[in-house]
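Chemist: Below are the sequence and a predicted model for it; my questions follow.
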Amino acid sequence: MKPVYKNKERSVVKSVMNVLFAVLFNLMVSIIAIAVMSIVYHIEVPLLAVFVPVMFVAFILGYIKHKQPKVYSNSGLAFAGLIKEVWISRIMEKFYAEFPYLEYTEDMTQFVDNDAINLADSGVNPDVLINNTTYPIPTVTRDDAPISIPLDNYDTKNTIVRRIESIGLAYNKIDSIIRGHKNTLAEKSGQKFTHAYGALSDGAYTPVLNCSGADRGDGTKKMMTIDIINMQKIFDKLKVPQKGRVLVLSPDHIADLLQENWDKYKSIADLESGKIMNLYGFMIFKGILNPTYNKTTLVKNAFGAAPASTDCVSSLVWHAAEVMRADGSVEMFYTPRNINTSERGDVIGFAKRAIGLPIRGKYYGAIVSGQA
């Protein structure tokens, strides 16, 4: 798979255009002020003597306004057009902080164009001739098929802040609401990425192993350290590169490993955080949103499927170069209270485009607590 397009940084261009508009607006104000002083007071003032102070005042007002941003963008200030960009910047700041294992995936955001990743599916590789005696050597062409993968769209439900509520608030409720939208967007997209990184079922290049421990009391098997060793063995046989192997353990499996190795607790876990140390060539992370599998068939349940008695927990494995993620556009939807006559409040919502997928369908899998 070969990326062929690069992302256009629309938000940066939009921000630059807003600044240019503000400069032109302030320049026009300065010219009008000079004309008024010349006609009314007969004073000749250089343009820079007026333009520079006007720009300075506009900058200070803009800084004060955006240091603790409000969502009210109709105040008429020269830099008011930047307000949505301020909030969007806050939304994207450390967006995937709760999913540290996503750092060990291929970030293809730079190849997003029009909220889609445009790739080329490579054609068939050429044959190899051994001890060839026939000439000329045959020549073949390779036909690459273009592929466009649209990014998933994540919409938050709108939140309203009534005017009567905001008057008596002792804290910035708007800021709190923005953080809430960010958290839900990050959780849902991170959960969908994580779900995609789990193999659907056991295959030649997508191993799904059943745990080998005893019944944990709910009809499913506990994870043992031997299960991680067995997965390491499979990755070795598949010649998966040693560097970049990731294991995302479910909380249940972390508890299983700690109980199994209680006497060696200090050697495999951090006493303060309880985090399992890296083991058997895998970088270890905790995954609280790992997908569930059917405990009998060991087939991954569909994303968003309702919980069932046949579910069991999983831990995921992959190589960092074999799964990807990409972020697209982020849009803020806002209706201010001064024009929202029916609701008498500010209405806020966000939409974000993103996707996470395996790249080639190889070298990722799961360790599952199947039926005991």
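Modeler: Noted; the coordinates are in hand.
Chemist: in the stretch 251-372 of the chain, which spans are strands?
Modeler: Remark: strands assigned in the stretch 251-372 of the chain by DSSP state E, counting those that start in this stretch are 283-286, 293-294, 311-312, 314-319, 323-335, 345-358, 364-368.
Chemist: For those strands, give me JSON lines that also has mean pLDDT.
Modeler: Output for the strands of the stretch 251-372 of the chain, formatted as JSON lines (pLDDT from 0 to 100):
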{"stretch": "strand 283-286", "mean pLDDT": "93"}
{"stretch": "strand 293-294", "mean pLDDT": "97"}
{"stretch": "strand 311-312", "mean pLDDT": "96"}
{"stretch": "strand 314-319", "mean pLDDT": "97"}
{"stretch": "strand 323-335", "mean pLDDT": "88"}
{"stretch": "strand 345-358", "mean pLDDT": "88"}
{"stretch": "strand 364-368", "mean pLDDT": "97"}
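Chemist: Of these, which is nearest residue 153?
Modeler: Closest approach to residue 153 among the strands of the stretch 251-372 of the chain is made by strand 345-358 (5.6 Å; CB to CB). Bear in mind the C-beta positions are built from the backbone N, C-alpha and C, glycine included.
Chemist: okay, and for the stretch 201-350 of the chain, where does confidence drop off?
Modeler: The stretch 201-350 of the chain contains residues with pLDDT under 70 at 262-275, 340-341.
Chemist: Need the nearest residue in space to residue 173, chain neighbours excluded.
Modeler: residue 161 (5.8 Å; CB to CB, 6 or more residues apart in numbering).
Chemist: ok, that neighbour - contacts?
Modeler: By CB atoms under 8 Å, 6 or more residues apart in numbering, the residues touching residue 161 are 173, 174, 177, 337, 345, 346, 348.
Chemist: Pull out the buried members of these.
Modeler: 174, 177, 337, 345, 346, 348 (16 or more other CB atoms under 10 Å).
Chemist: so which of these comes closest to residue 222?
Modeler: Within the buried ones among the contacts of residue 161, the smallest distance to residue 222 is 42.1 Å, found for residue 177 (CB to CB).
Chemist: ok, and that closest one, which helix or strand is that part of?
Modeler: Using DSSP states H and E, residue 177 maps to helix 173-196.
Chemist: Would you indicate which residues of that helix are buried?
Modeler: Buried residues in helix 173-196 (16+ other CB under 10 Å): 174, 177-178, 181-182, 185-186, 188-196.
Chemist: wait, is residue 231 part of a helix?
Modeler: Yes - counting by DSSP: H, G, I helix; E, B strand; the rest coil, residue 231 falls inside a helix.
Chemist: quick one: which two of the buried residues of helix 173-196 are the most distant?
Modeler: Pairwise distances across the buried residues of helix 173-196 peak at 33.5 Å for 174 and 196 (criterion: CB to CB).
Chemist: Isn't residue 360 up against residue 322?
Modeler: Yes - using CB atoms under 8 Å, residue 360 is in contact with residue 322, at 6.3 Å.
Chemist: which of those two has more neighbours?
Modeler: Taking neighbours as other CB atoms under 10 Å, residue 360 and residue 322 compare with residue 322 leading, 21 against 11.
Chemist: what's the closest non-adjacent residue to that one?
Modeler: residue 363 (4.4 Å).
Chemist: contacting residues around the one you found?
Modeler: Residue 363 neighbours (CB under 8 Å, 6+ apart): 205, 206, 235, 238, 240, 318, 319, 322.
Chemist: Which of the residues you listed are buried? Put it as a ChimeraX command.
Modeler: Applying 16+ other CB under 10 Å to these leaves a buried subset, and the ChimeraX line that selects it is:
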select :206,235,240,318,319,322
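Chemist: Which of the contacts of residue 363 sits closest to residue 306?
Modeler: Distance ranking of the contacts of residue 363 against residue 306, using CB to CB, places residue 206 first at 25.0 Å.
Chemist: hang on, that closest one is in a helix, isn't it?
Modeler: No - under three-state DSSP, residue 206 falls outside any helix and is assigned coil.
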